[in-house]
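Peer 1: could you work out the structure for the sequence below:
(4 chains)
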4 protein chains.
Amino acid sequence: MPRLAYLGPEGTFTEEALRLLDPAAERLPCATVSAALNAARAGDADGAVVPLENSVEGAITTTLDEFAWGEPLMINAELLLPVRFSLLARPGTEMPHIKRVYTHPAAITQCRAYVSRELPDAVVVAAPSTAAAAQEVSLPGSPYDAAIAAPIAGEHYGLVELASDIGDRTDTVTRFVKVCRPDGPLPEATGSDRTSLVVFLADDHPGALLEMLTEFSVRGVNLTRVESRPTGDGIGRYFFHFDFEGHAADARVGEALAGLHRIAGEVRFLGSYPRADGIAPQVKRGTTDAEFAQAGDWLARVRAGQV
Amino acid sequence: MPRLAYLGPEGTFTEEALRLLDPAAERLPCATVSAALNAARAGDADGAVVPLENSVEGAITTTLDEFAWGEPLMINAELLLPVRFSLLARPGTEMPHIKRVYTHPAAITQCRAYVSRELPDAVVVAAPSTAAAAQEVSLPGSPYDAAIAAPIAGEHYGLVELASDIGDRTDTVTRFVKVCRPDGPLPEATGSDRTSLVVFLADDHPGALLEMLTEFSVRGVNLTRVESRPTGDGIGRYFFHFDFEGHAADARVGEALAGLHRIAGEVRFLGSYPRADGIAPQVKRGTTDAEFAQAGDWLARVRAGQV
Amino acid sequence: MPRLAYLGPEGTFTEEALRLLDPAAERLPCATVSAALNAARAGDADGAVVPLENSVEGAITTTLDEFAWGEPLMINAELLLPVRFSLLARPGTEMPHIKRVYTHPAAITQCRAYVSRELPDAVVVAAPSTAAAAQEVSLPGSPYDAAIAAPIAGEHYGLVELASDIGDRTDTVTRFVKVCRPDGPLPEATGSDRTSLVVFLADDHPGALLEMLTEFSVRGVNLTRVESRPTGDGIGRYFFHFDFEGHAADARVGEALAGLHRIAGEVRFLGSYPRADGIAPQVKRGTTDAEFAQAGDWLARVRAGQV
Amino acid sequence: MPRLAYLGPEGTFTEEALRLLDPAAERLPCATVSAALNAARAGDADGAVVPLENSVEGAITTTLDEFAWGEPLMINAELLLPVRFSLLARPGTEMPHIKRVYTHPAAITQCRAYVSRELPDAVVVAAPSTAAAAQEVSLPGSPYDAAIAAPIAGEHYGLVELASDIGDRTDTVTRFVKVCRPDGPLPEATGSDRTSLVVFLADDHPGALLEMLTEFSVRGVNLTRVESRPTGDGIGRYFFHFDFEGHAADARVGEALAGLHRIAGEVRFLGSYPRADGIAPQVKRGTTDAEFAQAGDWLARVRAGQV
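Peer 2: I've put the predicted structure just below:
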């Protein structure tokens, strides 16, 4: 039974993601993203589950920077988790009793319409995390009557769900990834894969990003995400996170990876893994594995002078 | 005397930036970036000063998203401010007295080496902002002995600077921008200007980013920053912030702007303004204003059948 | 009644092209392409009709070089003429009488199958042109029994057409253009136009051709023909002829023309004129005249600080 | 002793090229470029020498089309031969005697200034080739007093050189290539090599040429020549000849070749061979063989999950 570290405490969305990614795993809650990743690095866990980006808030920069600068880890799975907030209270609490609500500021923002409508007189107080809010509310003498948190937090802390899915937007999604130490085989290619990468520029010249994108496009590899992050060496100096369609085992992806490696200062491979959305790539003419193989055979004949 | 809103309270790095950008301005501290920008939008202030990015932390996403989604504002100046942390205490405090230090978590991270070395036994507690930490420490009955904050916070709150420039890195920089309502002329082109832009894609197809970068590169316009941000419509849907060399009044920049406007779904112009670093652009052959003018004259003759 | 010079003598395919391009024109046969173009340049004719390329033989390099180096002329019409060879003889000649056939070497090559099959015992002799062959055969004492030439040559020289369309390929086509002095308005844009251009490089660096093609592609202008020709300054030094979709009056074409003018050493405009094949261009999103106008309006507002 | 076919008769510039390329070879003069190449194909000769392009006249299209459509041959050497015309006459002839000059029309054009100045009263008559002119002049009863031809023609036909290097331009050059059947190893890479290729498009879409050039440029392979030729299937349908820096054995060239093979309809390799001008390629960062090897090693580790 694998042991997976995650961004805790118990009852976070990350725990929910972990349970969906690997229901059988033993779970090790950690206080921060860095702590969860360090647990995996140090061997205290077999891997870790951390959030990577959110469809409203954007990238989780701590995760990006850990992947870029910390001891290498490799992504072997991803999950898209809808962010569904519930109104949670101690058993016996009824809506009219709720005068003080406790939750994380992001949830305050995202549930504003519901609270205005259903709890117009309630005071809403900021908590360090939604799970911590639920935990606090679960204490008998708590000054708070309800928490806004993930449904899973209710289960953990023995709270009752008075209302579910109370976010203003019902389509908010967080993308989580599961990582492990880079010492084993990659997940097998499935035909619907994603590959993640960090690229540091060799020299930061005009057109450097365009050159990198051309390495992808000329092999028909479609990008799905680009993030720039500061290198720390001053405003105007960035490195890049790329997500793109396909698996390192694909010929077109492999050649693009090698192309980036040649022109960049440093490329850190972050993993190839099945896409959570199951979307198959649009493969451009001339970029299938079979076409790469045929071209390679032809080149071998050319080099032997047999044309 | 202009009145400028800024991210307060008094004593923040943003106040320091504002005082450097416009020493004569009346200063209106606001609780959040959004509040400062809204003050400018509503006419409660003539403009606002907010942080845009930091050389270690990266983009200030609240600022980026306000610029993209809020009522339009226009950047008319930028400033690069070195982030210098000071150890501040009430008058009479000496180093050996310091048992409890109060500061913002970013400062905790960035001053770790100094604190370990000089205050090995002190407890460091997280504050909402460095300025708030200084304010707290200035109170006679404060449980904290010292704050880590901007030097300006010491002046504001009557604290003494026990040590200066105590960050682990001495080259950390934050970039601030001054914005106003978009109802007047752009700042004049100086020969060392920057232009900022938000672009929303018309349809999110593979290669869309490459196409946008090509609109810049074909006119010899060098990008200095690209940020992707989620549109909110699900993982995998992004819009882009671009900073690039040159001024909207430059022929090459104007043609690139118009080119982006033609291929993108929406382009929001965020301003052309003098670069804080004074670096002049590398102008590629064929992209000076004079060469654009000559080509335009030639085209007029061609269209008149006079070749 | 305009007077048009052409590559003669009477009875050539060029004459046939001229009669189709301008049935009412007075015709001035000239011995060479250069002579025909010079007649137009000198005002001895109002224009000239010359061949530009053939679907089997390729470019007529004399024409290309005259357009590039000679005194400027402007193309105002084009014609695609199927190359149909006829077997022509003096009245009264019958197939079994034909022992000696006279024609141009290109026609010998292109009618080989017919001659082998229908005139297996005939000797075929090379003539300076198909029209000259017809003229010779028309003389009562000619040693030749038949000519292979354009049908029009039969009419001119009083010959009978014993067989028509005797070429091995029935789809060979020659493209002719009509030129005039560049002192009037361009032909009006029709929605199905072609533009021709000569470009000399400023400095012959690697990637120069790619840069030029990018100037077209970024504005959605599709090339229909590229020819490289030597500059005369040594092997490895070339200039380029381009044909592309659209009219100089089109916004996208105009911007591409100006873009080439900025990056190239010299651009010689050769004309915008209706396409003979009537094919309308594929206009890429963002490149219509309306979209250029909207982008221009938006840019004007941006430059005025009104966003 | 190898036997090489060439474009004859004896005394042509092609013979001169052959003697420089392989002084020891037995020489087989042929009437046409096609005949010379067919001799090599059929095994009547071990190879052939033919002209490929001239710095004034441009491509020798017969050669290009033979390479594209005929049974495959492979270029294994090239030569740049200055075109130097001599005035040749029978022994005893003196300048004032010369009333009738015989030569090929290209030589008439290229020696016009000399003839006007030195032989103002001479009649110049067109010959089928410069070598044929020399041969004719060598006959005792010839109606011609002098020929303009290659110096080598004088040696062959026992003529005296009355004047040398009489062309108006002294820098005209013809590029010759030596070809063999494609059944042996390629010439070894020398560090200053050229590779030649024919590419037929898979489907003739807008941007096809740009895509092909991008396959070269992304691997830092510099083109030295591009020629478009008609496919024969109608105006507007072309295939392409490319010459570029480097050898098929070079990693960057191999990957570019394979890339073209994947996106094109058909690629015909015409050979890799030492450059006659000895110019070494400008090798872009990231495109050396060593960098390709390092990137390949890195990719192998990535695919094994060892990062």
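Peer 1: packing partners of the helix or strand bottoming out on mean pLDDT in chain A?
Peer 2: The helix or strand of chain A with the poorest confidence is helix A:105-110; it has a mean of 86 (mean pLDDT, DSSP states H and E). Counting contacts by 3 or more Cβ pairs under 8 Å, 6 or more residues apart in numbering or on different chains; DSSP states H and E, helix A:105-110 packs against strand A:123-126, strand A:146-149. Bear in mind the C-beta positions are built from the backbone N, C-alpha and C, glycine included.
Peer 1: most neighbours per residue, which of these?
Peer 2: Mean neighbours per residue, mean count of other Cβ atoms under 10 Å in any protein chain shown, is largest over those for strand A:146-149, with a mean of 30.
Peer 1: could you look up the SS state of A:G254?
Peer 2: helix (DSSP: H, G, I helix; E, B strand; the rest coil).
Peer 1: now do the one 3 residues further on
Peer 2: Assigned with three-state DSSP, A:L257 falls in the helix class.
Peer 1: cool, and A:A131?
Peer 2: Strictly by three-state DSSP, A:A131 counts as helix.
Peer 1: how near is it to A:A59?
Peer 2: Distance, A:A131 to A:A59, using Cβ to Cβ, to the nearest Å: 22 Å.
Peer 1: cool, A:V267 as well?
Peer 2: Per Cβ to Cβ, A:V267 is found 19 Å from A:A59.
Peer 1: repeat for A:T32
Peer 2: Computed as Cβ to Cβ, the A:T32 to A:A59 distance reads 16 Å.
Peer 1: same question for A:I108.
Peer 2: 21 Å.
Peer 1: of these two, who's got more company?
Peer 2: Per other Cβ atoms under 10 Å in any protein chain shown, whichever of A:I108 and A:A59 has more neighbours is A:A59, with 24 against 17.
Peer 1: how about the residues of chain A by chain D?
Peer 2: Contacts of chain A with chain D, taken as Cβ under 8 Å from any Cβ of the partner chain, map to A:72, A:74, A:182-186, A:202, A:214-215, A:218, A:248-249, A:254-255, A:257-259, A:261-263, A:267-269, A:285-287, A:291-292, A:294-296, A:298-299, A:302-307.
Peer 1: restricted to buried residues, select the residues you listed in ChimeraX.
Peer 2: Typed into ChimeraX, the line below selects the buried ones among the residues of chain A next to chain D, using 16 or more other Cβ atoms under 10 Å in any protein chain shown:
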select /A:72,74,182,186,214,215,218,248,249,254,255,257,258,259,261,262,263,267,268,269,286,287,291,292,295,298,299,302,303,305,306,307
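Peer 1: ok, and of the residues of chain A next to chain D, which contact chain B?
Peer 2: A:T214.
Peer 1: out of the residues of chain A next to chain D, which sit inside helices?
Peer 2: Counted as lying in helices by DSSP state H, out of the residues of chain A next to chain D, are A:214-215, A:254-255, A:257-259, A:261-263, A:291-292, A:294-296, A:298-299, A:302-303.
Peer 1: can you pull the pLDDT of A:L79?
Peer 2: Note on A:L79: pLDDT of 98.
Peer 1: okay, now it: neighbour count?
Peer 2: Neighbour tally, A:L79, other Cβ under 10 Å: 20.
Peer 1: equivalent analysis for A:A290, please.
Peer 2: Count around A:A290 with other Cβ under 10 Å applied: 8.
Peer 1: distance of it from chain D?
Peer 2: Separation of A:A290 from chain D (Cβ to the nearest Cβ, to the nearest Å) stands at 10 Å.
Peer 1: repeat that for A:R100.
Peer 2: A:R100 is 49 Å from chain D, by Cβ to the nearest Cβ.
Peer 1: just checking, that residue touches A:A122?
Peer 2: Yes - counting by Cβ atoms under 8 Å, A:A122 is a contact partner of A:R100 at 6.6 Å.
Peer 1: pull up the overlap in contacts between these two.
Peer 2: A:145-146 (Cβ atoms under 8 Å, 6 or more residues apart in numbering or on different chains).
Peer 1: which element is the residue nearest the centre of chain A on?
Peer 2: Central residue of chain A (Cα atoms, centre = their mean): A:L52, 2.6 Å from the mean position. Following DSSP states H and E, the helix or strand that holds A:L52 is strand A:47-54.
Peer 1: contacts made by that strand with the rest, please.
Peer 2: A:2, A:4-7, A:13-14, A:17-18, A:21, A:30, A:33, A:36-37, A:39-40, A:59-60, A:63-64, A:66, A:73, A:76, A:78, A:83, A:172-181, A:225, B:230, B:235.
Peer 1: ok, it: who's next to it in the sheet?
Peer 2: According to DSSP bridges, strand A:47-54 has the following sheet partners: strand A:3-7 (parallel), strand A:58-59 (antiparallel), strand A:173-180 (antiparallel).
Peer 1: between those, which one is nearest to B:D165?
Peer 2: With Cβ to Cβ as the criterion, B:D165 lies closest to strand A:58-59 of the strands paired with strand A:47-54, at 30.6 Å.
Peer 1: can you give the distance from the closest one to the centre of its chain?
Peer 2: 9 Å (Cα atoms, centre = their mean, to the nearest Å).
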